[in-house]
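Trainee: With the input below, show me the fold.
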Amino acid sequence: MLSSSTGSPKEPEKIEETPTSGTKRRKGKNPIEASSTEGGVGKRKITSTAWDHFKVIAGEKERDECIYCATKISCSTANGTNAMKHHTNRCKKAPFNLDKKQTILDFESKTRCNANGTIETVSVPKLWRFDQEEIRQALAKMVVIDELPFSFVEREGFRAFCKVAIPDFVPPSRATITRDCYAIFIERRKMLQGCYS
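Mentor: Numbering: from 1, shown residues only. Got it, this is the predicted structure:
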């Protein structure tokens, strides 16, 4: 025998289709709100990329500190993270904001002969500026002088070396280095033709 229940049958959950994505979701609790709480405390998860460049100051709730220049920026919930993002984009000490054309003071080792006849090695200051084209020319000359294959520039070891030695340098492809080497050949041929004409 079937027993009849006194209460009305439970109404199924309403499912609505969102017009933009065509996916179905349950009506009721917002899934974004549900996932934004941590451990039931009610704190929102940090999702902004601005927090990658700031650290929390102990004892201060309204301001955080830039990890590059130690500037304190407002991070109140009313204002959001826009001020932090704007500061990060213009922070002079952030490594990704440094001007790639800026000259860098470097030291070059040179040997010199003293008055008493002794030879010593000294460090001489010089200015260095990052130049993608100049480094590519030097790489092409290295490939020619050392008789390296053009595919050398695409090898994993060379690319790993470039990431450590000159992180800003983008290693060329084998086709590009072939063109660069051919350009050096044409230039030298013109020089030799000028000498003998």
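
Trainee: in the chain, which spans are helices?
Mentor: Using DSSP state H, the helices of the chain run over 31-35, 82-90, 132-145, 156-165, 174-196.

Trainee: possible to save those as TSV with distance to Thr71, mean neighbour count and mean pLDDT?
Mentor: Any C-beta I mention is one placed from the backbone N, CA and C, and that applies to glycine too. Listed next are the helices of the chain as TSV, based on distance: least, Cβ to Cβ, whole Å; neighbours: other Cβ atoms under 10 Å; pLDDT from 0 to 100:
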stretch	distance to Thr71	mean neighbour count	mean pLDDT
helix 31-35	32	9	38
helix 82-90	7	15	78
helix 132-145	32	15	93
helix 156-165	30	11	92
helix 174-196	41	12	92
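
Trainee: so which of the ones you listed gets nearest Ile57?
Mentor: Closest to Ile57 of those is helix 82-90 (Cβ to Cβ; 12.9 Å).

Trainee: returning to that earlier point: could you dump the helices of the chain to JSON lines with distance to Asn116?
Mentor: Output for the helices of the chain, formatted as JSON lines (distance: least, Cβ to Cβ, whole Å):
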{"stretch": "helix 31-35", "distance to Asn116": "77"}
{"stretch": "helix 82-90", "distance to Asn116": "55"}
{"stretch": "helix 132-145", "distance to Asn116": "38"}
{"stretch": "helix 156-165", "distance to Asn116": "38"}
{"stretch": "helix 174-196", "distance to Asn116": "43"}
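
Trainee: so which of these comes closest to Phe107?
Mentor: helix 156-165 (16.4 Å).

Trainee: which residues are in contact with that closest one?
Mentor: 152, 169, 171 (Cβ atoms under 8 Å, 6 or more residues apart in numbering).

Trainee: Check stretch 171-183 too.
Mentor: 136-137, 139-140, 143-144, 150-151, 153-154, 158-159, 162.
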